[in-house]
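K.L.:
Attaching a predicted model along with its sequence, questions to come.
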Amino acid sequence: MIDFSDLGCAEAPLSLFEEFTKIPRGSGNTSLIAEYLVNFAKERGLFYYRDSSDNVVIKKPATSGYGSRPTVIIQGHTDIVCEKSAESDIDMEKEGPRIFRDGDLLRADGSTLGADDGVAIAYALAILDSKYIPHPEIEAVFTSDEEIGLIGASALDCSTLGGKVMINIDSDEEGVFTVGCAGGVRIDYSLPVKWGEPCGHCYRLSVSGLLGGHSGIEIGNGRANAIKLLGRALEALPIHQVTDISGGNADNAIPRDAEARFTAEIITEENLEALEEIIAPIRESEPEAKIELCECEPSGACVDSESTEKILSLIREIPTGVTAMSKDIEGLVETSLNMGIIRLSGEGLSLTVSVRSSENSEKAALRDRITAIGEALGASVTPRGDYPGWAYRKDSPLRDTAVEVYREKYGKEPKVITIHAGLECGLFSDKIEGLDCISIGPDNRYIHTPAECLSLTSFRRVYEFLIDVLKKI
């Protein structure tokens, strides 16, 4: 067990975090964590509800003197992005992250930590478990599969909830209150290909070492996309046929690695120089970035030249990154898209793209534009997981209370923002009329990457802040 005894009141939620983090809970694999939450409620005699999507609601009555206060929803998601380093042997389908303490930081060995959004689970369970924290009635809402399209929140029947005040704990910077967010939609492409016999020598081309990161939070920082770089590199080489291609692991993570196998007659020194020209412009911002090319053993059938050209055209023609900045808020990305996952199999090429925008009309226009690109190349294109944005609310008693508590506690003003990322607040606001919500969280860096790390002192401070807000509502 990790020693958290120096962290005061945060020892309880951190010990719970260590306990449930042993459970594998990648997106699409949330049944065991849902079962854990149900058992947690049963053991404490609390009302619980679990639906067919593995969403879990646990309710706790108000403590003495708080019965007349508004019911508060504490909300977060149970699934995590399962990214791991190339060297790691962890099987995240079968085990949770292997976490360890590194001074003030909590990390995982070779994989994502899962503090996004394990922090929310830990805070909520600690409050549900406590006999000493004063609070109004609590409705703890744990949603599934947020990371792959807010699927759980979309499916949740909110008529089971009585609260009109919601604290979402899915933000990653202390002292920053999020009060609005972008909407989004995923686009899946399925491109049929024709197969043939290999012609020429077989080569392996890889792009690796990129920073990656969250495709909403980091997209405005100019992070390179490994799939896009791979496509450019392939087009700089005299290839005949693609035999394999893969890259990315999550549509909401900027891909750090991608690789392809292909056939060609001969690779010249001039071709290698062209690869260096592709990687050179990002070396300062992405110092570990690499493009590597080597000859390899033939891997069987190849995609024919016509289908190879269609694959390269699809990667080339679909844009990635920021397409528009906000006209109202300086520095805020308005519209973007991320080419997140690409795979070649016997069924053809599959590609998944994530589109985000704070303007619904721009989101729809970009969706239609990239749908047309895919269809023109013969791909079937399927949008999924379309979710609304969360509009800024001018009159928000919850926001005002949170700002007041923060000011009194720390003697300074918090930062109140809207973000270019999808939060479940948008769906809850859409389903619960008049919902007043805010999103908070401790300092959690490099989310969606194996470098993810949580500041433990920040975790403690935000937990104390949450408790103070509950007292004040």
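P.N.:
Received, thanks. Bear in mind the structure is a predicted one, so any value in this text is a computation, not a measurement. Residues are numbered from 1 along each chain as shown.
K.L.:
can you give me the strands for the stretch 151-300 of the chain?
P.N.:
165-168, 176-181, 183-191, 195-196, 201-208, 213-214, 239-247, 253-254, 258-264, 290-295 (DSSP state E, counting those that start in this stretch).
K.L.:
Indicate which one of these is closest to Tyr392.
P.N.:
strand 176-181 (4.1 Å; Cβ to Cβ). In short, each C-beta sits where N, CA and C put it, glycine included.
K.L.:
Quick one: mean pLDDT over the closest one.
P.N.:
The average pLDDT within strand 176-181 is 94.
K.L.:
sorry, back to before: can you redo the strands of the stretch 151-300 of the chain as CSV with mean neighbour count?
P.N.:
What follows is these, written out as CSV (neighbours: other Cβ atoms under 10 Å):
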stretch, mean neighbour count
strand 165-168, 24
strand 176-181, 22
strand 183-191, 22
strand 195-196, 15
strand 201-208, 19
strand 213-214, 22
strand 239-247, 22
strand 253-254, 28
strand 258-264, 22
strand 290-295, 13
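K.L.:
any chance of those in a markdown table, with distance to Arg283 too?
P.N.:
Below are the strands of the stretch 151-300 of the chain laid out as a markdown table (distance: least, Cβ to Cβ, whole Å):
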| stretch | distance to Arg283 |
| --- | --- |
| strand 165-168 | 38 |
| strand 176-181 | 31 |
| strand 183-191 | 31 |
| strand 195-196 | 37 |
| strand 201-208 | 13 |
| strand 213-214 | 18 |
| strand 239-247 | 20 |
| strand 253-254 | 17 |
| strand 258-264 | 18 |
| strand 290-295 | 10 |
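K.L.:
closest to Met325 out of the ones you listed?
P.N.:
strand 176-181 (15.8 Å).
K.L.:
Contacts for that closest one, please.
P.N.:
Residues outside strand 176-181 that contact it (Cβ atoms under 8 Å, 6 or more residues apart in numbering) are 168, 171, 358, 389-393, 396, 399, 402-403, 406, 414-423, 425-426, 438-440.
K.L.:
Repeat that for stretch 263-272.
P.N.:
198-203, 236-241, 243, 293, 298, 302.
K.L.:
Mind doing that once more with 7 Å?
P.N.:
198-203, 236-241, 243, 293, 302 (Cβ atoms under 7 Å, 6 or more residues apart in numbering).
K.L.:
Please apply the same query to stretch 50-59.
P.N.:
30-31, 34, 37-38, 41, 46-49, 128, 138-144, 151-152, 155-157, 160.
K.L.:
Could you break the protein into its assigned domains?
P.N.:
Listed domain ranges for the chain are 5-182+389-472, 188-387 (source: automatic domain parsing).
K.L.:
average pLDDT for stretch 74-83?
P.N.:
What stretch 74-83 shows for mean pLDDT is 98.
K.L.:
Can you get me the start-to-end distance on that stretch?
P.N.:
This stretch, stretch 74-83, spans 27 Å end to end (Cα to Cα, to the nearest Å).
K.L.:
please renumber so the chain begins at 11
P.N.:
I'll keep to 11 as the first residue from here, and by that count the last item is stretch 84-93.
K.L.:
how about the CA coordinates for stretch 170-187, as CSV?
P.N.:
The C-alpha trace of stretch 170-187 is given here as CSV (Å, rounded to 0.1, in the frame of the first residue of the first chain):
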residue,chain,number,x,y,z
THR,A,170,-33.8,9.4,-11.4
LEU,A,171,-32.0,12.6,-10.3
GLY,A,172,-33.5,15.3,-8.1
GLY,A,173,-30.5,17.7,-8.1
LYS,A,174,-30.4,20.9,-10.0
VAL,A,175,-26.8,21.8,-8.8
MET,A,176,-23.9,19.7,-10.2
ILE,A,177,-20.2,19.7,-9.5
ASN,A,178,-18.4,17.8,-12.3
ILE,A,179,-14.9,16.7,-11.3
ASP,A,180,-13.3,16.2,-14.7
SER,A,181,-11.0,19.3,-15.0
ASP,A,182,-7.2,19.1,-14.7
GLU,A,183,-6.0,22.4,-13.2
GLU,A,184,-6.5,23.7,-9.7
GLY,A,185,-8.0,27.1,-9.3
VAL,A,186,-9.6,27.0,-12.8
PHE,A,187,-13.4,26.7,-12.9
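K.L.:
what about it, distance to the chain center?
P.N.:
Mean C-alpha position of stretch 170-187 versus that of the full chain (Cα atoms, centre = their mean, to the nearest Å) differs by 17 Å.
K.L.:
for stretch 46-61, same thing?
P.N.:
27 Å.
K.L.:
same question, stretch 97-112
P.N.:
Relative to its parent chain, stretch 97-112 has a centroid offset of 18 Å by Cα atoms, centre = their mean.
K.L.:
So the residue nearest to Ile84 when sequence neighbours are not counted: helix, strand or coil?
P.N.:
Excluding the flanking residues, the one nearest Ile84 by Cβ to Cβ, 6 or more residues apart in numbering is Ala134, at 4.7 Å. Assigned by DSSP: H, G, I helix; E, B strand; the rest coil, the conformation of Ala134 is helix.
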